[in-house]
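**Student:** Sharing a model that was predicted from the sequence below.
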Amino acid sequence: MLEIVSGDGKVHLRGRFDAAEVDRARGVFDGIADSCVVDFSGLSYISSAGLGLLFATQKRLVDAGKALTLVNLNPHIREIFHIAGFDKIFEIS
């Protein structure tokens with residue numbers, strides 16, 4: 001299960017971001033119109049479906065001169081982003 005809390009230019013993720021949660025998460029990420037920080041501190045897992053939604057959101061924002069910044073990735077998720085080459089697409093801190 002994925003918990004998403006958004007507000008004040010931040011999105012906090014907690015739990016598992018998998019294919020079962022993408023449609024609900026899309027409702028939040030499609031609503032992001034400005035640069036935003038996504039806090040992964042409570043996230044334990046992300047699937048390729050979750051990665052795809054983040055990538056689509058980043059592409060849409062970059063086309064508008066905005067971007068997502070990803071923070072507090074645990075080592076496992078950071079490695080997934082590195083292997084996928086997403087560490088070159090997103091600002092990760």
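**Tutor:** All right, it came through fine.
**Student:** Could you grab the helix/strand/coil label for residue 14?
**Tutor:** Three-state call for residue 14 (DSSP: H, G, I helix; E, B strand; the rest coil): strand.
**Student:** And residue 53, by the same measure?
**Tutor:** Per three-state DSSP, residue 53 ends up helix.
**Student:** That one contacts residue 25, doesn't it?
**Tutor:** Yes - using CB atoms under 8 Å, residue 53 is in contact with residue 25, at 5.9 Å. Any C-beta I mention is one placed from the backbone N, CA and C, and that applies to glycine too.
**Student:** Excluding chain neighbours, what is closest to the residue nearest the centre of the chain?
**Tutor:** Nearest to the mean C-alpha position of the chain, counting by CA atoms, centre = their mean, stands residue 54 at 4.6 Å. Counting by CB to CB, 6 or more residues apart in numbering, residue 68 is the residue found nearest to residue 54 once chain neighbours are left out, at 6.9 Å.
**Student:** got it, and residue 58?
**Tutor:** In space, residue 58 is closest to residue 68, 5.2 Å off (CB to CB, 6+ apart).
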